[in-house]
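Participant: from the sequence below, what's the structure:
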Amino acid sequence: MSIVALGLLASLAAGLMTGVGALPVLMGRTISRKANDTMLGFAAGVMLSASFFSLILPGIDAAEGLYGSVLVAALIAGAGIALGALAIAAMNEYVPHEHFLAGREGVEAAALAKIWLFVFAITIHNFPEGMAVGVGFGGGNVANGISLATGIGLQNAPEGLAVAVALRGQGYRRLTAFLIALATGLVEPVGGVLGAAAVSVSVHVLPWGLAFAAGAMIYIISHEIIPETHRRGHQNRATTGLTAGLILMMVLDVTLG
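Facilitator: Next comes the predicted model:
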């Protein structure tokens, strides 16, 4: 099986975990806000750990091997991280997701717009997650790709649940909330294919691709997930979840990668 096909299948499996996470809503179960913030903190921890252990450090090693200089490798990693963060910032700025329900007025309409902003934010940041999996496989390191796919799949579950719970809270049917949550993860295979294909073209793309994916995820952690977990005053729960997610992803990377 080609590396691109592996990247596609692994990122698809990771993306489908959003649907797995949303299953409790489909079955009519509810979840407390504290538990929701804890699980989103867990997702942030997995992404943070993956950014460093599975993307930035391997990217620096790859660049050092290509150019024979630690300084050049560090500069490439820094530039790639900055580009990844800027790319997601630009998407947040110019993709008109906040206008999904534009034209309606009233408190309820404003609340729905906020919900859809969250849904589209999850969808947007699932793209670099899929790309990270694809880049991991595209570099020829199957073990690293598997580690990334496993970790990102694990953190996709609470994100899918968060989307479904938010939609249910605004009166959407259980099946509709579940399907929308599932759909947010289906952008990951697109990112997976593009990431795997890009780094398969040239070995010189690999360190840039790894750092770019890391920068995109770090931006999302800081800009989207952590503020969401803290806005209801559950900082301790969210921090506990983040720490647990970081440790789990570190262990996965060390043992699988």
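Participant: Ala181 reaches Arg168, doesn't it?
Facilitator: No - using Cβ atoms under 8 Å as the test, Ala181 is too far from Arg168 to be in contact (9.9 Å). Where you see a C-beta, it was placed from the backbone N, CA and C, and this is true even at glycine.
Participant: from Ser49, how far off is Met249?
Facilitator: Separation of Met249 from Ser49 (Cβ to Cβ, to the nearest Å) stands at 4 Å.
Participant: quick revisit: tell me which of Ala181 and Arg168 has more neighbours.
Facilitator: Neighbour count, other Cβ atoms under 10 Å: between Ala181 and Arg168, Ala181 has more, with 30 against 21.
Participant: what comes into contact with the strand or helix carrying that one?
Facilitator: Using DSSP states H and E, Ala181 sits within helix 174-185. Residues outside helix 174-185 that contact it (Cβ atoms under 8 Å, 6 or more residues apart in numbering): 14-19, 21-23, 25-28, 119, 122-123, 126, 156, 159-161, 163-165, 167-168, 172.
Participant: between Met249 and Ser49, what contacts are shared?
Facilitator: With Cβ under 8 Å, 6+ apart as the test, Met249 and Ser49 both reach Gly151.
Participant: residues near Leu248, how many?
Facilitator: By other Cβ under 10 Å, neighbour count at Leu248 equals 18.
Participant: and the spatially closest residue to it that is not a sequence neighbour, what pLDDT?
Facilitator: With Cβ to Cβ, 6 or more residues apart in numbering as the criterion, Leu248 has its nearest non-adjacent residue at 6.7 Å, and that residue is Val46. Val46 carries a pLDDT value of 87.
Participant: count of neighbours near Val46?
Facilitator: The number of residues near Val46, taken as other Cβ under 10 Å, comes to 31.
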